[in-house]
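> 3D, please:
(one chain, ligands or ions: 1)
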Amino acid sequence: MTTSFSKDLTGTAVKNKIRRFYDLGSPLYLEVYGNHIHDGYYLTGNETKQAAQENLTKLLAEKAGIKRGDRVLDVGCGIGGSSLWLAENRGASTVGISISPVQIEIAGKLAQDRHVDSEFLLMDAEKMRFEEKFDAIWVLAAITHFPHQKSFVKKATASLKQGGKFVIFDWMLHEHVLDPLSDRYVKPVSETMLLSSLYSLNTYLEWFMSGGYRIIYAEDVTVHTAKTWDDALSVIKEPAVLKMAAHIKKEDIGEILRFLKSISAMKAAMQNHRLIGGIVIAEKL
Ligand SMILES: C[S@@+](CC[C@H](N)C(=O)[O-])C[C@H]1O[C@@H](n2cnc3c(N)ncnc32)[C@H](O)[C@@H]1O
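You can find the predicted model right below:
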């Protein structure tokens, strides 16, 4: 469902805003948080935020059965968090795509430095085309940026082998939120996080089940991921972050402030049961 962020924008304007945000924020994010740009999965609550992020990557890889030699397409790859982790820890060979040129450059350098079998390409996921078919299509914390998620899933299916896995983690509407445009908790999240469309976990399940897949894992994992937002709130108060903020260019301050607002907006939406952290893993039949 369309959100208040995207409702009055063209597809190009949506993508330009998202690209600018990641071009600007990714180098800062890498310094503060590392190269995974997604929620953590807290098992004990005592893990570092980076360990919690790796927990989520590991959980998805386990549930999807990613194994040595698998070709994985990492859609909305950020600065290579998943791609590098899957290559280093699962022996996968990965291709990551993002619409942010800055992210592609950073991810490529990290892969080179770490001698990892990961390639990164500048590409809009909603227009992607590949000659080859992959063992897994991995979309971690990226699909809600896309204005046309259902048609993305349909088109991406052509790039997945039979028996291949479609892996999604993202923020999803709680079943009782009927209209993200008017919900007082969802509206500020979509606007500050630049989320173009939002759906419930059940909606994703319907798409996959009616689109030639069988569901192998689906879970509301909010109880494990919600601490992400407490950790993020404490990070932005760290002296190193405040010091970095002092060097941000005047014209970029609005972007950064918007991002800071997104953290408390997300925390409130999770606490008030408007959004969930959801996982869907489906196998192509
Ligand atoms: C929150 S980050 C997640 C990055 C990465 N998956 C991770 O977990 O570290 C969202 C990513 O989606 C990418 N993205 C957003 N819209 C996109 C599009 N239309 N095509 C390709 N990538 C897109 C952004 O550039 C960014 O890399």
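
> tell me what the host helix or strand of Asn16 is packed against?
Secondary structure assignment for Asn16, by DSSP states H and E: helix 11-33. Packed against helix 11-33 by the contact rule (3 or more C-beta pairs under 8 Å, 6 or more residues apart in numbering; DSSP states H and E) you find helix 101-113, helix 239-245, helix 253-271. Every residue, glycine included, has its C-beta placed from N, CA and C.

> relative to helix 101-113, how tilted is that helix?
When axes from the mean of the first three to the mean of the last three C-alpha atoms, to 10 degrees is applied, the directions of helix 11-33 and helix 101-113 differ by 40 degrees.

> Is Leu73 located within a strand, as I assumed?
Yes. When DSSP: H, G, I helix; E, B strand; the rest coil is applied, Leu73 is found to be in a strand.

> wait, isn't it in contact with Ser93?
No. Under the criterion of C-beta atoms under 8 Å, Leu73 lies out of contact with Ser93, with a separation of 10.5 Å.

> More neighbours: these two, which one.
Between Leu73 and Ser93, counted using other C-beta atoms under 10 Å, Leu73 has the larger neighbour count: 26 against 19.

> so Glu54 makes contact with Glu88?
No. With contact defined as C-beta under 8 Å, Glu54 does not count as touching Glu88 (10.9 Å).

> shared neighbours of those two, which are they?
Jointly contacting Glu54 and Glu88 under the rule C-beta atoms under 8 Å, 6 or more residues apart in numbering is no residue at all.

> Let me have the helices and strands packed on helix 11-33 in TSV, extended by mean pLDDT.
Conversion of those to TSV gives the following (pLDDT from 0 to 100):
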stretch	mean pLDDT
helix 101-113	98
helix 239-245	73
helix 253-271	89
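
> Give me the average confidence score over the helix holding Asn16.
Mean pLDDT, computed over helix 11-33, is 93.

> Repeat that for stretch 176-184.
91.

> From Leu84, how far off is the closest residue to Gly96 other than its chain neighbours?
The spatial neighbour of Gly96 that comes closest, neighbours along the chain excluded (C-beta to C-beta, 6 or more residues apart in numbering), is Cys77 at 2.8 Å. Here Cys77 is placed at a distance of 10 Å from Leu84 (C-beta to C-beta, to the nearest Å).

> residues in this structure within reach of the ligand, list them.
15, 18, 22, 36-38, 76-78, 81-82, 97-100, 103, 124-126, 140-142, 145-146 (C-beta under 6 Å from any ligand atom).

> And the pLDDT at the closest residue to Tyr213 other than its chain neighbours?
In space, Tyr213 comes closest to Ala282 once its chain neighbours are excluded; the distance is 3.8 Å by C-beta to C-beta, 6+ apart. What the model reports as pLDDT for Ala282 is 98.

> show me the residues around Ala282 that make contact.
Shown here is Ala282, whose contacts under the criterion C-beta under 8 Å, 6+ apart are Lys165, Phe166, Phe208, Tyr213, Arg214, Ile215, Ile216.

> Most neighbours among those, which one is it?
In terms of neighbours by other C-beta under 10 Å, the contacts of Ala282 top out with Phe166 at 27 neighbours.

> secondary structure element for that one?
Counting by DSSP H and E, the secondary-structure element that holds Phe166 is strand 160-173.

> Save the helices and strands packed on helix 11-33 as a markdown table, and put in distance to Met1 too.
Conversion of the helices and strands packed on helix 11-33 to a markdown table gives the following (distance: least, C-beta to C-beta, whole Å):
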| stretch | distance to Met1 |
| --- | --- |
| helix 101-113 | 27 |
| helix 239-245 | 34 |
| helix 253-271 | 15 |
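
> right, and those - which one's nearest Asn46?
Asn46 lies closest, by C-beta to C-beta, to one member of the helices and strands packed on helix 11-33: helix 253-271, at 19.5 Å.

> just the angle between that closest one and strand 160-173, please?
Using the same axes, to 10 degrees, one finds that helix 253-271 and strand 160-173 are set 90 degrees apart in direction.

> Other residues contacting helix 253-271?
The set of residues external to helix 253-271 that reach it, using C-beta under 8 Å, 6+ apart, is 20-21, 24-25, 171, 185-186, 188-189, 191-193, 222, 226, 229-230, 232-233, 236, 245, 248, 275-277.
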